[in-house]
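Q: Please find the sequence and the predicted model below.
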Amino acid sequence: MADDVFKALADPTRRRILDELMERNSQTLFEICARLTTRHGLGLSRQAVSQHLAVLEAAGLVVTRREGRYKFHDLNTDPLEHIVSRWLGPKTPKTPKTPESTP
C-alpha cells in the first residue's frame, strides 16, 4: 500500500491534483481539469487527468462517489497519516549526550 502512495506522489501533476482537492474537495473531472489549466497552466486532456486520478484512487488518496450523472473526487488523507505514523511515530524524548557516550 505504501508503495502505491509513493508512486502516486512521485508525479508533480498528481501532487497538484491533490493540492486542488485539498483546497476544494468534491470536484468533478471537468472542474479538476479547469483548475489545472487556469491555475497551473497545464493543458492536459481529460483522459490524462482521468488516468492520474485512477492512480491516486488506487493508492487510496482519492475516493469517488457518484451523484446522478456526476462523479465527485474527494481527498483521503488516511494513507498519508499511516506513513507519517509509521516513521515519525509518537515523539519520544531524546536522551542527552553525556561525555562518556561520545567518542
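A: Looks like it came in fine.
Q: This protein: helices as residue ranges?
A: Ranges of helices in the chain, per DSSP state H, are 2-9, 12-23, 29-40, 46-58, 78-87.
Q: Make a markdown table out of these and add mean pLDDT, mean neighbour count and distance to E67.
A: C-beta here means a position set from N, CA and C on the backbone, and glycine is covered the same way. What follows is the helices of the chain, written out as a markdown table (pLDDT from 0 to 100; neighbours: other CB atoms under 10 Å; distance: least, CB to CB, whole Å):
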| stretch | mean pLDDT | mean neighbour count | distance to E67 |
| --- | --- | --- | --- |
| helix 2-9 | 92 | 15 | 25 |
| helix 12-23 | 97 | 17 | 17 |
| helix 29-40 | 96 | 16 | 14 |
| helix 46-58 | 98 | 16 | 17 |
| helix 78-87 | 87 | 12 | 22 |
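Q: burial of T28, as a residue count?
A: A count of nearby residues for T28, using other CB atoms under 10 Å, gives 14.
Q: quick one: it and Y70 touch, right?
A: Yes: checked against CB atoms under 8 Å, the pair T28 and Y70 is within contact range at 5.5 Å.
Q: Can I get the helices of the chain in CSV including distance to R66?
A: Below are the helices of the chain laid out as CSV (distance: least, CB to CB, whole Å):
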stretch, distance to R66
helix 2-9, 22
helix 12-23, 17
helix 29-40, 12
helix 46-58, 13
helix 78-87, 21
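Q: R65 is nearest to which of these?
A: helix 46-58 (11.5 Å; CB to CB).
Q: How far away from the center of its chain is that closest one?
A: 12 Å (CA atoms, centre = their mean, to the nearest Å).
Q: other SSEs contacting that helix?
A: Identification of packing neighbours for helix 46-58 by 3 or more CB pairs under 8 Å, 6 or more residues apart in numbering; DSSP states H and E yields helix 2-9, helix 12-23, helix 29-40, strand 62-67.
Q: quick one, which of these is nearest to R86?
A: R86 lies closest to helix 2-9 among the helices and strands packed on helix 46-58, at 7.5 Å (CB to CB).
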